[in-house]
Every structure is written in C-alpha cells, then in structure tokens.
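# Got a sequence here, can you model it:
(one chain, ligands or ions: 1)
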Amino acid sequence: MLERFIGAYLFQPAAFDYSSDTCRNGCAYCFANINQAERSGNLQGAIKKFYKQEITTYDDLLLRDGYPICISNRSDPFTPRNWRDTVALCQHLVNIPNGVYLQTKCGPGMDEALDILGDKRPVVYITVTTIRDDIAAVIEPGAPPPSERLRIAKDLHRRGYLVLIAVNPCAEQWMPPGDLEAPCDDLKASDIRHIVIEMLDMSKQRLKVLTQSRIARMGAALDDCRTGRVQMYVRECVQYLIKSGMIVCKKGMPFRSSFFDDIKSRLGKTMPTHQDFVNYCFDRKKSGPVTFDEFDQVIRGGRGGVFDVSIKGSAIRDYLLRAGFISWKANQRVPTHRDLLRIVWNDPRHRISIQKHCLFRLTDQKDPEGNAVLWFDGKADLGQKKEVIRL
Ligand code: SF4
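Numbers count the residues shown, from 1 in each chain. Down below sits the predicted model:
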C-alpha cells in the first residue's frame with residue numbers, strides 16, 4: 001500500500017512508503033508483523049496514484065512535487081512473496097520524478113528491479129543486525145544471510161549506488177563490540193561509510209503482545225530492552241562509529257552528520273529532518289538561544305510547494321497522530337507546515353518534539369509570537385528531567 005510516511009516525519013528523507021503483502025522473512029523483532037499480522041500491498045492503487053492527473057489531496061501534491069518513496073518500511077520488497085510486485089512497481093517508478101529509497105535485506109528480484117530503475121539510482125538501505133549467519137538464522141530465518149547482504153552492499157557501492165548499512169535494530173547480543181568493529185573496518189576498506197543505527201525498541205506494550213516463539217528467539221536481547229542497557233549500548237556504538245570515521249544516522253544523536261545531505265544529493269528533493277536543524281546549530285559556532293523562526297527557516301526554508309501552502313482537511317495534522325495522541329487531539333486545526341512545526345517546537349509531549357532532543361533545553365523566555373526560546377550549546381543533556389535555562 002502506498003501511504004504517506006507519517007510516522008517518520010522529521011526522521012526520514014522519504015515522504016511515502018510502499019509496503020507489499022505481509023513479509024514472511026519471519027524476523028523475531030519485526031514491528032510491522034507484531035503490530036498487524038496480515039497486510040496487503042494494493043499495487044494497482046499505488047500505480048494509479050502515480051498517474052493521477054487531477055491534484056485533489058495533499059498526497060497528490062507531495063507526489064507531484066517529486067518527494068521520494070521508500071520501498072519498503074513494513075515489508076521487505078525482495079521476499080519470494082513480494083519481489084514480483086516490486087519489479088512491477090519499478091516499471092512505473094521510472095516514469096515519475098520521485099526518488100526511490102530501497103529498504104531491504106536483499107533477495108530475489110533485486111537485480112531486476114535495479115536494472116529497471118536504471119539511471120534513476122535508488123539509495124539502497126541494507127539491514128545487517130548481526131554479522132553471524134548462525135544468529136541471523138534464528139532471528140531472521142527467511143532473509144538471506146548477512147554475509148550475502150554485505151557482499152551485495154559492496155557490489156552495489158562499487159557500481160555507484162549510495163548504500164546505507166542499517167544496524168537496525170541493534171542489540172549487544174546480536175552485534176557485540178568486536179562484531180561491529182570487524183564489518184566497520186571491512187566497509188571502510190570498501191569506502192562504504194553510511195551507517196544507520198537504532199536500538200531494539202520493545203516498549204512495554206509491544207513486550208505484552210510478543211509470542212513465546214519471538215521471546216525465545218530474541219532471548220537476552222529482551223532483557224536489555226527491559227533494563228535500558230540496549231539504549232546505553234547503542235550510544236556507545238554511535239560514538240565508536242563516529243570516531244571510526246563512519247557517517248552515522250541515529251535518531252536524536254547529539255552530533256553533526258552529513259548523512260542526509262548525501263542522500264539529498266542522490267535523490268533530489270527529500271523531506272526535512274531534525275538533523276538539518278542540529279547541523280545548522282553546530283554550524284552557527286556559538287552557544288546560546290535558538291528561536292522558532294530559525295527552526296522554521298531551516299526545516300521549511302527554500303522547500304516551497306507543500307511546505308508553503310495552506311492545506312484543507314487534516315493531512316498535515318496527521319503527522320502528529322503517530323507521534324503523540326494527546327498533541328494530535330489538542331490541535332484540531334493544523335493547516336500549514338509552519339503550524340505543525342510550531343507544535344513540534346513548543347509542545348514537549350509528542351515523540352517528534354525538538355524539546356525531547358538531548359541537545360536542546362527550554363529557557364524561561366518566549367519570542368514575540370509566544371513561542372518557546374530554546375538553548376543550544378552543543379552539549380547533550382541525557383537526564384530524564386532537563387534543567388530550564390534562565391536567560
Ligand atoms: S524483513 Fe523486515 S518486514 Fe520482513 S519480517 Fe523482517 S523486519 Fe519484518
């Protein structure tokens with residue numbers, strides 16, 4: 001199904017996700033299958049949207065403006081069940097201006113899809129949660145072994161594709177420090193430098209609905225989710241990767257990164273990310289207050305199109321839905337992206353709030369329009385309760 005990627009607003013360069021039928025790779029940690037056991041792709045519906053002439057919805061505008069499409073966030077595009085649909089989809093993707101962001105563990109049909117896309121070179125995100133084929137056989141039994149994925153990654157990089165290696169989800173039991181160092185050196189030797197890393201995220205809610213089989217296969221990694229060790233471990237990994245010269249992407253990390261600039265240079269238009277604003281703040285080379293106008297300028301500035309217009313209905317407000325129900329309910333009208341960003345800036349309750357980012361702290365000041373003034377000094381505040389800065 002082709003859907004707006006609303007759950008990834010300000011974190012993902014793609015504006016849309018096309019996910020096919022339920023993926024049968026059987027990964028123990030698969031959030032998509034844990035949340036919803038059966039899904040279907042609706043290939044025809046997606047293709048119809050690509051060619052729709054009349055622009056009637058916000059999604060139509062985003063598509064026409066050329067924002068990228070991720071394939072796929074909730075289903076691997078190259079499983080035996082899905083690859084034919086992916087190849088069919090690619091035959092139409094070549095006809096539209098939108099960039100393609102392939103997210104996969106590799107599999108049948110991948111070469112064919114890349115051939116069809118030709119010069120419209122997708123960015124290729126390849127998941128490697130472990131380098132050990134025996135561990136992968138337990139936690140990702142249907143996917144090609146990681147040794148094969150790494151071989152494909154290097155081959156694609158040699159052929160000029162921008163390849164992102166995703167240690168996602170990351171758990172110490174699957175990717176211990178020594179195992180992270182080995183592929184890191186290997187990837188660097190091949191000049192692959194882009195790494196995505198995110199922790200294994202099993203919320204209390206998700207833990208409650210896990211089957212015994214998933215619990216057994218994830219084993220001690222789940223204990224680290226319960227104790228919070230998994231979060232600490234990923235922080236250590238991020239520091240190691242950056243020190244090693246990798247270009248890292250991690251939600252909310254307190255570092256500058258050219259990760260998204262490199263994607264943008266390949267895909268053309270991309271969605272804005274919090275990292276854009278973090279980079280801006282580091283580049284100012286001064287500590288001090290930061291304002292909503294600066295945030296708005298960095299996130300929306302120069303994008304034009306859908307980012308400058310007022311949209312009827314609740315399309316823009318929808319970006320709040322998966323980020324925090326309370327904020328979504330409290331803000332009945334969000335007609336423009338500036339309005340949405342104002343909520344992201346001022347309201348700390350939802351997941352995409354910039355106030356949740358460890359680099360930004362609230363001050364006791366407001367700007368003339370009543371927006372919070374935040375504080376940035378390049379230092380991460382990882383405490384549960386951040387101090388309010390008195391100006
Ligand atoms: S490959 Fe991705 S979509 Fe498929 S089961 Fe694994 S995590 Fe889920």
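# name the element G178 belongs to?
Assigned by DSSP states H and E, G178 belongs to helix 177-189.
# right, and the helix or strand after that helix?
For helix 177-189, the following helix or strand on the C-terminal side (DSSP H and E) is strand 194-199.
# nearest spatial neighbour of L187, skipping sequence neighbours?
Excluding the flanking residues, the one nearest L187 by C-beta to C-beta, 6 or more residues apart in numbering is I165, at 6.3 Å. The way it works is simple: take the backbone N, C-alpha and C, and place the C-beta from them, glycine included.
# Was I right to think the one you found contacts I131?
No - if you go by C-beta atoms under 8 Å, I165 and I131 don't touch, sitting 10.6 Å apart.
# shared neighbours of the two, which are they?
Taking C-beta atoms under 8 Å, 6 or more residues apart in numbering as the criterion, I165 and I131 both touch 150, 183.
# sorry, back to before: and the residue nearest to L187, backbone torsions?
Main-chain torsions, I165, degrees, to the nearest 10: phi -100, psi 130.
# how close does the one residue in the stretch 151-300 of the chain that gets nearest to the ligand sit to G288?
Nearest residue of the stretch 151-300 of the chain to the ligand (C-beta to the nearest ligand atom) works out as P169 at 8.8 Å. P169 sits 36 Å away from G288, going by C-beta to C-beta, to the nearest Å.
# With neighbour numbers in mind, choose between those two.
P169 (25 against 13; other C-beta atoms under 10 Å).
# That one contacts I197, doesn't it?
No - if you go by C-beta under 8 Å, P169 and I197 don't touch, sitting 9.1 Å apart.
# Now do the shared contacts for the two.
Residues touching both P169 and I197 (C-beta under 8 Å, 6+ apart): none.
# returning to what we had before: run me through the strand neighbours of the host helix or strand of the residue of the stretch 151-300 of the chain closest to the ligand, direction for each.
Using DSSP H and E, P169 falls within strand 163-170. Here strand 163-170 has these sheet partners by DSSP bridges: strand 123-127 (parallel), strand 194-199 (parallel).
# Tell me which residues of the longest one come out buried.
With burial defined by 16 or more other C-beta atoms under 10 Å, the residues of strand 194-199 counted as buried are 194-197, 199.
# want to try CSV for those residues, with distance to the ligand as columns?
Formatted as CSV, those follow (distance: C-beta to the nearest ligand atom, whole Å):
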residue, distance to the ligand
H194, 19
I195, 18
V196, 14
I197, 16
M199, 15
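# partners of the closest residue to M246 other than its chain neighbours in the sheet?
The shortest distance from M246 to any non-neighbouring residue, by C-beta to C-beta, 6+ apart, is to I195 (4.8 Å). Under DSSP bridges, the beta-bridge partners of I195 are I165, V248.
# wait, isn't I195 in contact with C249?
Yes - with contact defined as C-beta under 8 Å, I195 counts as touching C249 (7.2 Å).
# Now list whatever residues contact both of the two.
L164.
# neighbours around I343, how many?
Neighbours around I343, by other C-beta under 10 Å: 22.
# Can you pull the phi/psi pair for the spatially closest residue to D65 that is not a sequence neighbour?
Excluding its sequence neighbours, the residue lying closest to D65 (C-beta to C-beta, 6+ apart) is G305, at 4.5 Å. For G305, the backbone dihedrals (degrees, to the nearest 10) come out as phi 50, psi -130.
# Per-residue pLDDT of G305, please?
Looking at G305, its pLDDT reads 90.
# touching the ligand at all, stretch 127-136?
No - with C-beta under 6 Å from any ligand atom as the measure, stretch 127-136 is seen stopping short of the ligand, the closest distance being 7.0 Å.
# And for that stretch, what's in contact with it?
29, 103-105, 139-140, 143, 145-147, 149-150, 153, 165-171, 174-175, 179, 182-183.
# now swap in stretch 250-268 and tell me
With C-beta under 8 Å, 6+ apart as the test, stretch 250-268 has contacts from 11, 13, 66, 68, 97, 99-101, 121, 123, 162, 164, 194, 196-198, 234, 238, 242, 247-249, 270, 273-276, 278-279, 282-283, 356-359, 378-380.
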